[in-house]
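Asks: sequence? don't have it. structure:
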């Protein structure tokens, strides 16, 4: 397939992201919302769909959905209801999923992404709705059975649906990355794609440039990383263009992505056969959300990545790359904000993106596991800014020492390790005088014009001070002393 | 008392009112309750022996919904309404036969055989709470707790000559009630007299954390407010006296009640219900839609019947459900699936919801003018068993007087105010506005007192 | 509304019910006549009338976010037609 041919076709992508909400209990029942429990441990008569059971809505699930809507500039519906989505599958205990169809909790909204070329794009959201997750079916290799575990059944989800507004795998990847960051920021989801707490399905179609009509939509499932999402999109784009170029027609279907081969393949059961027969859930009552409630949720919102980026790049003058790293998670923001209360932002940024980041990579740990508190790091940074310790001494000796002994004040530790630079002129002068007195021949040569010898004198002072002499100050004083000598 | 009822149940087992009796448990509970009675700490229902319909969950006991698909199923929790009775020291004596999942008006749709009307065992007791009504009729328990979605408490109460109360929708928690049509289902008592019904309602009703739809309206002490004040304005359904579809004997009892009320100084007027023609189609569209979804959980996966012939997932579903569910249930599931399906949703389902609103508004307008509405409960007395109606619509018409209260959510009570010339009971129904059970029960008590059920009614 | 064989089969599949060959004709007839009877509602003009979607007047029925263990695994598996110590079992699901 040549690039020329591909260039004739526009790629159109819409994404549906499911995020498991960080609640203690499930959306319609009180069993624990917890990953990794033994099979069928987090269950109840409601979760199992026993006869006579009724759902009861978890307040926190609603709050978290509202929070997401506010963060994405969505319109929060003043009146929102649940609907039943009817279909049969063994992991669906009631034979229907309680979801939202016509009146979702959030309508519209947008997610801003920044692309490699620097452009920013707002990806429009169609809506966000609440629903319950299904259980898990597990293959049993030892028999012809499928095993069913309902721990996950009833976990609260928000489903975030975009308009078909993305045009490249890059955009899709950027969007997914941004969603993941945002839900973690808002503390509504841990964004773990490997464990399935954040899942993404893609709706992909192609059309000739300029064609106002959207092509046949194909849904792709089973991509559990940004990379796989992008691979799947690229494969699917090629596949769809090939089919069309060969004169074939595309069927509206659901295909699975195979991470091993990087290809998508059609499923045996045609999902388009399913008529979900949505109707309003009669066992639940409407949710009314007023201004007061919205104000209360707004007050609880943390600052968002986008606002923080603007602050860090704009007000604080940090580089885009640094700002990006610092706003990577709420934890890094919190650390940074606390540290800059006590030390200069640029320097703090350098230390966080430098030595601290290196520590995180080498020890394979998160910032939350970093033993040095923001205040202590700030104190170390102040030592350097005040010239008490040289930058290299701080980075190579003091920092590692502090990591080992984070309870010790940096100043004390520096003194113990003899890293304090001697900047006191009197003390230095005494040393300088000693040195100049010890090298009279060299002094003469310097005076005759061999200015390079200043390095020798400075070096000797450094040796005498066991490395603690402030090189800059020493240099100045030596130069002055030499000038004063006749 | 327990022994008495256990004996009665034993000796009338041919009526097939009870599917299971909890003899040992009832005896030991009776002993405990006796002890509490002795030291004055007993609950308000102490010693009352109560039977519950096979649609109500009772922890550690079977609940089968009158269906083969739940045969052997043991409930893991107790319905709120029942728990409240138990908390007041009532004794649950057993589980009562009913039409499968509440669908039917004769108790002939039970997978466990029909229940017989004790007044004439060649006739049906009505349904779906047939077992519950016969149990009270034949003195097998003090009272029964049934369920009413389209008349299932009132109609069998009428056929069996006992009192049957359907409270307002959402007055009693549905937690633990096997769902038939979620926006119609109610739990209601079947009793010998109005006073008992009032007390049972008082205990069962009110807010419940488990049910999102249950009303938070406070529960009046119904049993304390059973006398009416002053004269009332009552409307009766004109067509019930004019129509050919209503038996003479039923009309006669209604006429007699109207006469007596007028003699006592109440105003009784005929009332028009222009939308009456549409109650049944509305009811059937919406209830079949809801039941088609509510019964999806019966799939042989986590509990209930699984077909031994199932060899893969598809056959597991199809065979288990087809073999486990009765013909009436399957028919209604198919109808409901159809009305909800994509192309027809607006034409049937949404249309029916709009009409439901109109019907509700119609009855609300009447309650602005009238204190109560008075109708026959059923167009006829109990019909013979096996009187299969090949016309599916005629069977629906038997529900004409009862469904209105379910479509609109208002409370209604059936009172055994007369009999026909053969002595078969005739029930008369009173309706009041939503959450007006206090007034309704007081008026019902009043009616009950001056119209003797045993009186012969001249045609 | 006349229900044809195809429609009946599609509906039956959605509902996971088998139509026995013997009952196909009568079911078609029953469904057709009932659906036709239901169409009487079209005699009513309901333009501008909001569908009545909720019979209860309650709103905002919430539960606090507190986790509780109300059923043990054993109790949950008690009624299972096929099970082992930990799982419910069904015939293999083919993708």
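Replies: Thanks, I have the structure now. This one's a predicted model, so the numbers in the text were calculated from it and none came from an experiment.
Asks: Okay, now the unreliable bits of chain A?
Replies: For chain A, applying pLDDT under 70 flags the ranges A:1, A:268-273, A:486.
Asks: which residues does residue 27 contact?
Replies: Since no chain was named, I'll use chain A. A:21, A:55, A:57-58, A:61, A:98, A:130-132, A:154-157 (Cβ atoms under 8 Å, 6 or more residues apart in numbering or on different chains). Placement of C-beta: from N, CA and C, glycine included.
Asks: wait, chain C
Replies: B:331, B:334, C:8, C:19.
Asks: Around chain A, pick out the residues from the stretch 301-450 of chain B.
Replies: Counting by Cβ under 8 Å from any Cβ of the partner chain, the residues of the stretch 301-450 of chain B close to chain A are B:301, B:302, B:303, B:313, B:317, B:337, B:340, B:341, B:342, B:345, B:349.
Asks: give me that answer again for 6 Å
Replies: Counting by Cβ under 6 Å from any Cβ of the partner chain, the residues of the stretch 301-450 of chain B lying close to chain A are B:301, B:302, B:317, B:340, B:341, B:342.
Asks: ok, and which of the residues you listed reach chain C?
Replies: Within these, those near chain C by Cβ under 6 Å from any Cβ are B:301, B:302, B:317.
Asks: nearest residue to the residue nearest in space to the middle of chain A other than its sequence neighbours?
Replies: Per Cα atoms, centre = their mean, the C-alpha nearest to the average position across chain A is that of residue A:181, at 3.5 Å. Among residues not flanking residue A:181 along the chain, residue A:305 sits closest, at 5.9 Å (Cβ to Cβ, 6 or more residues apart in numbering or on different chains).
Asks: Distance check, the one you found against chain C.
Replies: Plainly put, residue A:305 is 26 Å away from chain C if you go by Cβ to the nearest Cβ, to the nearest Å.
Asks: and the gap between that residue and residue A:35?
Replies: 25 Å (Cβ to Cβ, to the nearest Å).
Asks: contacting residues for the residue nearest in space to the middle of chain C?
Replies: Ranked by distance to the mean C-alpha position of chain C (Cα atoms, centre = their mean), the top residue is residue C:15 at 6.7 Å. Going by Cβ atoms under 6 Å, 6 or more residues apart in numbering or on different chains, residue C:15 touches B:333, B:337.
Asks: if we go to 8 Å?
Replies: B:292, B:296, B:321, B:333, B:334, B:337.
Asks: buried subset of these?
Replies: Taking 16 or more other Cβ atoms under 10 Å in any protein chain shown as the criterion, what is buried in these is B:292, B:296, B:321, B:333, B:334, B:337.
Asks: ok, back up a step: residue A:305 and residue A:35: which has the busier surroundings?
Replies: Legend: neighbour count by other Cβ atoms under 10 Å in any protein chain shown for residue A:305 and residue A:35, higher for residue A:305 (23 against 15).
Asks: quick one, what contacts the more buried one?
Replies: So residue A:305 contacts A:178, A:181, A:182, A:185, A:327 (Cβ under 8 Å, 6+ apart).
Asks: For the second one, pull up the helix or strand it's in.
Replies: Read it as residue A:181. Element membership for residue A:181, per DSSP states H and E: helix A:169-185.
Asks: Can you list the buried residues in that helix?
Replies: A:169, A:171-176, A:178-185.
Asks: State the pair within the residues of the stretch 301-450 of chain B next to chain A that is farthest apart.
Replies: Farthest apart among these by Cβ to Cβ are B:302 and B:342. That separation is 28.4 Å.
Asks: between the two, which one's more packed in?
Replies: Using other Cβ under 10 Å as the criterion, residue B:302 and residue B:342 rank with residue B:302 on top: 25 against 10.
Asks: Quick check: the more buried one touching residue C:87?
Replies: No - contact criterion Cβ atoms under 8 Å: residue B:302 and residue C:87 do not qualify, at 10.9 Å.
Asks: Show me the common contact partners of the two, please.
Replies: residue A:148.
Asks: give me the number of residues near residue 87?
Replies: Using chain A. 17.
Asks: that's the other chain; I wanted chain C
Replies: So residue C:87, with other Cβ under 10 Å, has 23 neighbours.
Asks: what does residue C:18 give?
Replies: Residue C:18 has 16 neighbours, counted by other Cβ under 10 Å.
Asks: what about the spatially closest residue to it that is not a sequence neighbour, neighbour count?
Replies: Among residues not flanking residue C:18 along the chain, residue B:322 sits closest, at 4.3 Å (Cβ to Cβ, 6+ apart). Residue neighbour count, defined by other Cβ under 10 Å, stands at 18 for residue B:322.
Asks: Quick check: the gap between the residue of the stretch 1-150 of chain A found nearest chain B and residue A:146.
Replies: Closest contact between the stretch 1-150 of chain A and chain B, by Cβ to the nearest Cβ, is at residue A:95 (2.5 Å). Using Cβ to Cβ, one obtains 17 Å as the distance from residue A:95 to residue A:146.
Asks: repeat for residue B:448
Replies: Applying Cβ to Cβ, the value for residue B:448 to residue A:146 is 58 Å.
Asks: And residue B:162, by the same measure?
Replies: 50 Å.
Asks: from the buried residues of helix A:169-185, which is closest to chain B?
Replies: residue A:183 (27.1 Å).
Asks: Verify the stated contact: the closest one with residue A:18.
Replies: No - the criterion here is Cβ under 8 Å, and residue A:183 misses it with residue A:18 at 10.9 Å.
Asks: which residues do these two both contact?
Replies: Common contact partners of residue A:183 and residue A:18 (Cβ under 8 Å, 6+ apart): residue A:198.
Asks: quick one, what contacts the most centrally placed residue in chain B?
Replies: When Cα atoms, centre = their mean is applied to chain B, the residue found nearest the centroid is residue B:153 (1.9 Å). By Cβ under 8 Å, 6+ apart, the contact list for residue B:153 reads B:129, B:132-133, B:146-147, B:164-166, B:186, B:188-190, B:414.
Asks: now, which of the residues you listed lie within strands?
Replies: If you go by DSSP state E, these have B:146, B:147, B:164, B:165, B:166, B:186, B:188, B:189, B:190, B:414 in strands.
Asks: ok, the fifth one - how many residues close by?
Replies: By the measure other Cβ under 10 Å, the count of residues near residue B:166 is 33.
Asks: And for residue C:22?
Replies: Residue C:22 sits with 8 neighbouring residues when counted by other Cβ under 10 Å.
Asks: cool, and residue B:113?
Replies: By other Cβ under 10 Å, the residues close to residue B:113 number 12.
Asks: repeat for residue A:403
Replies: Neighbours of residue A:403 using other Cβ under 10 Å come to 15.
Asks: for residue A:164, same thing?
Replies: 17.
Asks: To which secondary structure element type does it belong?
Replies: coil (DSSP: H, G, I helix; E, B strand; the rest coil).
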